[in-house]
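Student: what's the 3D shape of this:
(chains A and B)
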Amino acid sequence: MTVTYILISIAIMAGMTYLIRVLPMAIFRKKIESPFIRSFLNYVPYSVLAAMTFPAIFSCTGSVPSAWGGCIVAILLAYWRRGLLTVAVGASAAVLIIQLIGF
Amino acid sequence: MKKEEFAEGLRDGIPICLGYLSVSFAYGMMAVNSGMPIWSTVLISLSNLTSAGQFAGTNLILAGGTFLEIAMTTFIINIRYFLMSLTMSQKVEQKMTMPQRLGISFGITDEIFAVSMQHPRELTASYMAGLIATPVAGWTAGTFFGGVLTSLMPQIISNALNIALYGMFIAIIIPPAREQKAVLFTVVLAIIMSVAFTYVPVLTLLSGGWGIILITIIVSAITAWLFPMKEEKEEVS
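Tutor: Numbers count the residues shown, from 1 in each chain, chains lettered A, B, ... in the order given. Reported below is the predicted structural model:
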């Protein structure tokens, strides 16, 4: 593992990641007119975030009961329209308490 | 540069920054433990600003992978940013200049994308600069301290913080799902498909970057077909 190898590898990782991020932003400078595409893009955040969160959230804390507890607390807080930080901290606190109890 | 917009972005970036600290801390620990020099982990975090993609890349470097392997793996894991960037391109203000677009593109991560989509107005370069700055600081600093303090963070704290980012995602998808049937439909369908892609034997072959992409495209297309948006709703004042 030479320094050159590491540097070239990092450059490839960074370059590839940036390319993916920059192409659409650089190409689509006008508002897209098609109602279908506009609706499609409107729903993208919800589908991508839901798919990334579930079921991954249940295996992210090292114990299933604490993950369920954290998830339920997060859903309740979000349902009551608390802010992002409150929901994130509330879920973490729930996980911590449940793990301290011994689950 | 508009100061208030920048400050608002910085503030909105705080929850992301907190979540990033623990994840990047773990990354720094893991990578340095496995033999990466600290400077290289910090450089990777600063230049990649992505979780799964750089974790996989780091593993490949440690295993002495070829440059082609590193390029392909990074591409597949991060291809979802393509859709996010496309979506975001429709929410940035029309007068945003090309250099500004090239600049903010660097900061498109799952979390920054999520928060920017929740922002009630069009996205300005100043707001995005702030929204990207706090998480970058957290991500890079966390990596550094993780590498330096290898294994000092109690496991139970890092377990608890692991759920922070998912909590944030939930905070973003639930409130609109309460109000719009279409969003509720999107969320439920995406969860069902994601669970299927995780547990149904044949589908798990597609897990990882491609699975998320496929789910996003299918679910958004179905919802867009069933619940086309009315034009006025999308107008941002």
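
Student: Not counting sequence-adjacent ones, nearest residue to B:Glu111?
Tutor: Nearest-residue entry for B:Glu111: B:Ile16, 4.5 Å, with adjacent residues in sequence omitted and distances by CB to CB, 6 or more residues apart in numbering or on different chains. (Each C-beta comes from the backbone N, C-alpha and C, glycine too.)

Student: And the helices in the chain, which stretches?
Tutor: You didn't say which chain, so I picked chain A. When assigned using DSSP state H, the helices of chain A occupy the ranges A:3-27, A:35-53, A:64-79, A:84-101.

Student: sorry, should have said chain B
Tutor: Taking DSSP H as the criterion, chain B carries its helices at B:3-12, B:14-33, B:38-48, B:52-62, B:67-78, B:80-89, B:98-105, B:110-118, B:125-148, B:155-162, B:164-179, B:181-199, B:209-226, B:231-234.

Student: Export those as TSV, with columns for distance to A:Val3.
Tutor: Formatted as TSV, these follow (distance: least, CB to CB, whole Å):
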stretch	distance to A:Val3
helix B:3-12	35
helix B:14-33	16
helix B:38-48	8
helix B:52-62	12
helix B:67-78	15
helix B:80-89	28
helix B:98-105	29
helix B:110-118	31
helix B:125-148	17
helix B:155-162	30
helix B:164-179	33
helix B:181-199	39
helix B:209-226	29
helix B:231-234	50
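
Student: Could you dump those helices into CSV and include mean pLDDT and mean neighbour count?
Tutor: As requested, the helices of chain B are exported to CSV (pLDDT from 0 to 100; neighbours: other CB atoms under 10 Å in any protein chain shown):
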stretch, mean pLDDT, mean neighbour count
helix B:3-12, 95, 17
helix B:14-33, 86, 23
helix B:38-48, 96, 20
helix B:52-62, 85, 22
helix B:67-78, 85, 19
helix B:80-89, 92, 24
helix B:98-105, 96, 17
helix B:110-118, 94, 22
helix B:125-148, 95, 22
helix B:155-162, 80, 19
helix B:164-179, 88, 23
helix B:181-199, 95, 19
helix B:209-226, 88, 20
helix B:231-234, 50, 10
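
Student: Figure out which of the ones you listed is closest to A:Ile72.
Tutor: Among the helices of chain B, helix B:164-179 comes nearest to A:Ile72, with 10.1 Å by CB to CB.

Student: helices or strands up against the least confident helix or strand in chain A by mean pLDDT?
Tutor: Across the helices and strands of chain A, the lowest-confidence element by mean pLDDT, DSSP states H and E is helix A:35-53, at a mean of 88. Counting contacts by 3 or more CB pairs under 8 Å, 6 or more residues apart in numbering or on different chains; DSSP states H and E, helix A:35-53 is packed against helix B:80-89, helix B:110-118, helix B:164-179, helix B:181-199, helix B:209-226, helix B:231-234.
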